[in-house]
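**Q** let me see the structure of the following:
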Amino acid sequence: MGKELPILPSTPQTGDAAKGESYIYCRVFCSRENAPPLKLLLDFLKSRGQLPLIPKMDPEALEEWAWVHISLGYNRDRKPIQLFCLRDRGTYKEAFEQEQKQFLERLSVYDDIEADLVREHVRRARFIATTRLVKDDVTEDGYDFNGWILEFFQENCNGIVQMDGKGFFSPKGELIVELQDEISSEIDMV
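**A** This is a model prediction of the structure:
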């Protein structure tokens, strides 16, 4: 299978502050076999006029296909967006399967064509790119920045976007399956 997946560092948080925060999760269920290296995401963001703030790391880590987590800042005065990659194999396989199962169960109550397409997409996913935003700290610029991250995975990894409190979106950005509740995520362990 390969080597153990590296966890890229995030900004340090105090235990009490991190526990009291509430998060917004957005996911892209991707059917491409592998997530692209982080360098491609960073190049995409820069091409869209975004300047991602990342922790200092070995440049070779940005070329790695088997990444798990990175913090992407959009403003020095705001908490960064956490980006996770859960795969259908490897270290976080159980978390991937739990997220996939949870969404398939929630989608099972819908019986329209759009829900069938979404269910099939979730079922065929090979990895889930998940962003986590601190609800009380994110700004409009942060939501825009997050949107570019989601678009990258949607376009480059045959993905379908899900946003907590909203639902699933078509490639054109139209809400196609509404899921208004927020989903607890298995990635809280990271």
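**Q** what's the span of stretch 59-78, first residue to last?
**A** 24 Å (CA to CA, to the nearest Å).
**Q** out of the helices and strands in this structure, which is least certain?
**A** Sorted by mean pLDDT, DSSP states H and E, the helices and strands of the chain end with helix 15-20, the least confident at a mean of 52.
**Q** so residue 144, which state does it fall into?
**A** helix (DSSP: H, G, I helix; E, B strand; the rest coil).
**Q** same check on residue 155?
**A** helix.
**Q** what's near enough to touch it?
**A** If you count contacts by CB atoms under 8 Å, 6 or more residues apart in numbering, residue 155 has them with residue 171. No exception for glycine: its C-beta is placed from N, CA and C like everyone else's.
**Q** SS state for the residue nearest the centre of the chain?
**A** Centroid-nearest residue in the chain: residue 130, 1.6 Å away (criterion: CA atoms, centre = their mean). Put simply, residue 130 is strand when judged by three-state DSSP.
**Q** pretty sure it contacts residue 25?
**A** Yes - between residue 130 and residue 25 there is a contact at 6.0 Å, judged by CB atoms under 8 Å.
**Q** circling back: and the next helix or strand past the least confident helix or strand of the chain?
**A** strand 23-30 (DSSP states H and E).
**Q** name every strand pairing with that next one and say which way it goes.
**A** strand 127-134 (antiparallel), strand 159-163 (antiparallel) (DSSP bridges).
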